[in-house]
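**Student:** the following comprises the amino acid sequence and a computationally predicted model.
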There are 2 protein chains.
Amino acid sequence: MNKYHGKSTTVLKPRTTKEVSEIVKWCNDRRIGIVPQGGNTGLVGGSVPVKDELILSLANMSKVRAFDDVSGILVADAGCILQSLSDYLAPHNYVFPLDLGAKGSCQVGGNVSTNAGGLRLLRYGSLHGTVLGLEVVLPDGTILDQLTALRKDNTGYDLKQLFIGAEGTLGIVTGVSILTAPAPQALNNVMLALPKFDNVLPLFKEVKRQLSEILSAFEYIDRSVYDLAVKHNQGRALDAEEVEGAECFVLVETSGGNREHDEQKLNNLLESLMEADEPLINTGVLATSPAQFASLWAIREGLTEAVSKEGKAYKYDISVPLQKFQEVLDITREHLKSKGLMREGAVRHVVGYGHVGDGKSGNLHLNVVADAYTPEIEAALEPFVYELVAKYKGSVSAEHGIGVMKTHALQYSKNAVSIDWMKRIKQLFDPKGIMNPGKVLP
Amino acid sequence: MNKYHGKSTTVLKPRTTKEVSEIVKWCNDRRIGIVPQGGNTGLVGGSVPVKDELILSLANMSKVRAFDDVSGILVADAGCILQSLSDYLAPHNYVFPLDLGAKGSCQVGGNVSTNAGGLRLLRYGSLHGTVLGLEVVLPDGTILDQLTALRKDNTGYDLKQLFIGAEGTLGIVTGVSILTAPAPQALNNVMLALPKFDNVLPLFKEVKRQLSEILSAFEYIDRSVYDLAVKHNQGRALDAEEVEGAECFVLVETSGGNREHDEQKLNNLLESLMEADEPLINTGVLATSPAQFASLWAIREGLTEAVSKEGKAYKYDISVPLQKFQEVLDITREHLKSKGLMREGAVRHVVGYGHVGDGKSGNLHLNVVADAYTPEIEAALEPFVYELVAKYKGSVSAEHGIGVMKTHALQYSKNAVSIDWMKRIKQLFDPKGIMNPGKVLP
């Protein structure tokens, strides 16, 4: 949204953990605020100064420290760019357990600090499970070295977990040890057109049952955002007549160790879905070439861009129960209508897409596309959307974090006791409040 | 080892979280120590009082609170027994992401508090990844409700992680929300005999490459402990002539969604291993029936019992680099020999087995089997074994935790900064020191 601009004049780019430690200690002694900055690709203003803080960029700390090709454990500087780590792992036949649209510029330290989720979460789990160790410079300059390369170490409190998702407010992540995964030998995908939203859940159950351990993505795309993708040339998965009557779409991906077995499982799935007495899907397109595989993903990955081309988007990255995806879209649309804002010159579309695979409460990217950002629309949307999320016991930030943008909304996802204890933890680690001030906590 | 006996006279068995809260508040006001107790199956004395603490048993909190069969998310009272949760999940076609020898009596709250690893870690990852939320009664009686059933919630510090592995020293876990896994449709296993230890790592790489996502266990068994298992009738996987010349054994398990595919992968693996120019294995036995599958596992699971039948065992549950498994056994044996303790009437065997699948630093169960526990043997073993672990940058407790037994050994796995911050966290949550006193921290 290009919404946050800082006024910092100083950017430091240390080359070693020791240099980071010295800078932090110097700042702490003088109560100077610090904003740790990775690739600066965050979506909630977490890496942008709010006043005149010093920016500490990790860009010059970008070396792989160690890799073990038996275990797949990688130890890297925090400033390593995600794509470069993927490239590093490829010849070893391993993949990074995280994939993001921003992979060309985001850094692994930032990924850890924002607890990035992304497209591979269904298969490889969250960073709380895959990160094995961290090296962190604490607000007083102390280096907390928990950069173990052990998959199992059960000796006391797992302090590193606090820094995963803390968005740099408790310390600066300078090194990461992470468990990477054997590269899948085969990737396949299929785009399914569904006659109605109500079929999504039964379809998810059936797909999980049949594809089991090779299922790596189950992405929901509502009809209106699919149409935007087609309109703005982000790709076209199905013919016009195949799209007819579809209320939504699902992109299913598999990744496994044996191409023949995986294709057989996927073919069996499609056959059984089409031949059912009351089919859950209208039709499905199975990618039969790497080019087609890429083009199916291009639609999903192009949704953000399609939305941006259509207008100004209010983006909400929320967790709500799967059953409620459509309801959230409908209720939001109705609400905007009741405010007289669903019209030309104001809001054009309320669209949604997301990761169904992420469990009971899927991750819905709710986008409200308007002609311009206006105070009226913002007032109509907030706290309305957050209250809706709270009603469903969801999360106001499934993936993107809190940053500076959502500190006021934290209360809708976290109860008072939790927020109180977050404040105590912050106070314990950063009594002078120098570390990424104004972020996460209100 | 039956080593720890408390002197408590009071055991309370509350039925609700509110009752737990009231008891804890009452104790906190009076500075009365509390030992939270689950199934009391821990191996390091974590649930045993050291003085006259009150024992708070979770045994009467044993209800499943919710289960969603689309996402597989289970919410349960902390006192639910692991086996009963497995039984609950079975008709829904889900499995608990953790399996342990003690499953018949251990409780899920205790599993979380000890960060139990167990036999399914390779496949489903650690509890830090699978536990989605916790309900915890803090030392002042406050109920911290973070019992979310969201797979993705990125709103601030992930406080629940602190209680995973804290062994009840920061609060009492009363409820657990956890992601369970779709039940595999097919389970297969194979026992492999290796001519030499040096083949274990290349074999692990090859097995990972070929079995990929269906590999669910890779267990190392050294020759001497295998022989003990046979001697004490824990099972016999291979004929006498097949065992000849084997320096160690590996048990490989697969679990997957399609029996035919899985068997084909396993057959291909065995064929390629046997037909190699320089075979990594002497021979291998593939289970062809559920009975045979169970009997191969019976050997692995019977090792602990075989060791107990043979004598008094000093047990070390350590993480060291895979390459060093054999070296740790050899060095320990040599060391005992140099002390004149490798003889009848003192130490009979130094044996090892463990989970190779757990990454670079595998989890070695090092067992020193003696005729009796004696001060001489103990003095010869400690801190010798811990120093050895520290030399390899390993962990003095891969799975079992610290409890009361290993507080003095914490320093060999955690640096001074880490221990200092653990103490600060303890002080923050439990300033009066009432919660499981004497455990984890020295």
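**Tutor:** Received the coordinates, thanks. All of these numbers come straight from a predicted model, not from anything done at the bench.
**Student:** show me what residue of the stretch 51-200 of chain A gets nearest to chain B.
**Tutor:** Of all residues in the stretch 51-200 of chain A, residue A:129 sits closest to chain B, at 2.2 Å by CB to the nearest CB. Backbone N, C-alpha and C define where each C-beta goes, glycine included.
**Student:** now that residue. Nearest residue, chain neighbours left out?
**Tutor:** Nearest residue to residue A:129 in three dimensions, chain neighbours excluded: residue B:129, at 2.2 Å (CB to CB, 6 or more residues apart in numbering or on different chains).
**Student:** quick revisit: okay, and the residue of the stretch 51-200 of chain A closest to chain B sits in which element?
**Tutor:** helix A:127-130 (DSSP states H and E).
**Student:** ok, and what's touching that helix?
**Tutor:** Helix A:127-130 is contacted by residues A:97-98, A:111-112, A:115-116, A:124, A:161, A:164-165, A:178-179, B:125-126, B:128-130, B:158, B:161 when judged by CB atoms under 8 Å, 6 or more residues apart in numbering or on different chains.
**Student:** which ones among these map onto strands?
**Tutor:** A:178, A:179 (DSSP state E).
**Student:** could I have the helix or strand that the helix holding residue A:129 is followed by exported to PDB, CA atoms only?
**Tutor:** Moving toward the C-terminus from helix A:127-130, the next helix or strand (DSSP H and E) is strand A:131-137. What follows is strand A:131-137, C-alpha atoms only, in PDB (Å, rounded to 0.1, in the frame of the first residue of the first chain):
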ATOM      1  CA  VAL A 131      14.000 -23.500  12.600                       C
ATOM      2  CA  LEU A 132      16.500 -25.400  14.700                       C
ATOM      3  CA  GLY A 133      18.500 -22.600  16.100                       C
ATOM      4  CA  LEU A 134      19.000 -18.800  16.000                       C
ATOM      5  CA  GLU A 135      21.800 -16.400  16.800                       C
ATOM      6  CA  VAL A 136      20.300 -13.200  18.100                       C
ATOM      7  CA  VAL A 137      21.800  -9.900  19.200                       C
END
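**Student:** distance between strand A:131-137 and the chain's centre?
**Tutor:** When C-alpha coordinates are averaged (CA atoms, centre = their mean, to the nearest Å), strand A:131-137 and its chain have centres 20 Å apart.
**Student:** packing partners for that strand?
**Tutor:** helix A:17-29, strand A:143-146, helix A:160-163, strand A:172-179 (3 or more CB pairs under 8 Å, 6 or more residues apart in numbering or on different chains; DSSP states H and E).
**Student:** paired strands for it, with orientation please.
**Tutor:** strand A:143-146 (antiparallel), strand A:172-179 (antiparallel) (DSSP bridges).
**Student:** closest one to residue B:188 among these?
**Tutor:** Residue B:188 lies closest to strand A:172-179 among those, at 24.6 Å (CB to CB).
**Student:** so what strands line up beside the helix or strand residue A:362 falls within?
**Tutor:** For residue A:362, the host element (DSSP H and E) is strand A:361-370. Each strand paired with strand A:361-370, and its direction, by DSSP bridges: strand A:312-321 (antiparallel), strand A:347-355 (antiparallel).
**Student:** check which element follows that strand along the chain.
**Tutor:** helix A:375-381.
**Student:** correct me, but residue A:426 touches residue A:169?
**Tutor:** Yes - with contact defined as CB atoms under 8 Å, residue A:426 and residue A:169 form a contacting pair (6.3 Å).
**Student:** of the two, which one has the most company?
**Tutor:** residue A:169 (26 against 20; other CB atoms under 10 Å in any protein chain shown).
**Student:** was I right about that one contacting residue A:423?
**Tutor:** No - with contacts counted by CB under 8 Å, residue A:169 stays clear of residue A:423, the gap being 10.9 Å.
**Student:** now the common contact residues for the two.
**Tutor:** Joint contacts of residue A:169 and residue A:423 (CB under 8 Å, 6+ apart) are residue A:441.
**Student:** quick one: contacts for the nearest residue to residue A:82 once chain neighbours are set aside?
**Tutor:** Leaving out its chain neighbours, the residue that sits closest to residue A:82 by CB to CB, 6+ apart is residue A:103, at 4.3 Å. Taking CB under 8 Å, 6+ apart, we find residue A:103 in contact with A:81, A:82, A:83, A:86.
**Student:** can you pull the pLDDT of residue A:103?
**Tutor:** Looking at residue A:103, its pLDDT is 90.
**Student:** and it, which of the three is it?
**Tutor:** Assigned with DSSP: H, G, I helix; E, B strand; the rest coil, residue A:103 falls in the coil class.
**Student:** just want the phi and psi numbers for it.
**Tutor:** Main-chain torsions, residue A:103, degrees, to the nearest 10: phi -60, psi -20.
**Student:** same check on residue A:107?
**Tutor:** phi -110, psi 150.
**Student:** what bridges to the closest residue to residue A:263 other than its chain neighbours?
**Tutor:** Take residue A:263 and drop its neighbours on the chain: the residue closest to it by CB to CB, 6+ apart is residue A:188, 6.3 Å away. Beta-bridge pairing of residue A:188, defined through DSSP bridges, involves residue A:254.
**Student:** and residue A:188, what does it touch?
**Tutor:** Here residue A:188 is in contact with A:253, A:254, A:255, A:262, A:263, A:266, A:286, A:287, A:293 (criterion: CB under 8 Å, 6+ apart).
**Student:** check what pLDDT it gets.
**Tutor:** Looking at residue A:188, the pLDDT reads 94.
**Student:** residue A:360 too?
**Tutor:** The model's pLDDT for residue A:360 equals 50.
**Student:** residue A:1 too?
**Tutor:** 41.
**Student:** for residue A:7, same thing?
**Tutor:** So, for residue A:7, pLDDT stands at 67.
**Student:** and residue A:164, by the same measure?
**Tutor:** So residue A:164 comes in at 96 (pLDDT).
**Student:** that one contacts residue A:115, doesn't it?
**Tutor:** Yes - the pair residue A:164 / residue A:115 is scored as a contact, 5.2 Å apart, by CB under 8 Å.
**Student:** shared neighbours of the two, anything?
**Tutor:** In contact with both residue A:164 and residue A:115: A:127, A:128, B:158, using CB under 8 Å, 6+ apart.
**Student:** for chain A, which helix or strand comes out least confident on mean pLDDT?
**Tutor:** helix A:121-124 (a mean of 79; mean pLDDT, DSSP states H and E).
**Student:** tell me how far that helix is from the chain's mean position?
**Tutor:** Going by CA atoms, centre = their mean, where helix A:121-124 is centred and where its chain is centred differ by 12 Å.
**Student:** which elements pack onto it?
**Tutor:** strand A:215-222.
**Student:** so what are the sheet partners of the strand it packs on and their directions?
**Tutor:** Assessed with DSSP bridges, strand A:215-222 is paired to strand A:248-256 (antiparallel), strand A:347-355 (antiparallel).
**Student:** can you list those strands in a markdown table and add distance to residue B:19, mean pLDDT and mean neighbour count?
**Tutor:** Shown next, in a markdown table, are these (distance: least, CB to CB, whole Å; pLDDT from 0 to 100; neighbours: other CB atoms under 10 Å in any protein chain shown):
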| stretch | distance to residue B:19 | mean pLDDT | mean neighbour count |
| --- | --- | --- | --- |
| strand A:248-256 | 46 | 94 | 25 |
| strand A:347-355 | 39 | 93 | 24 |
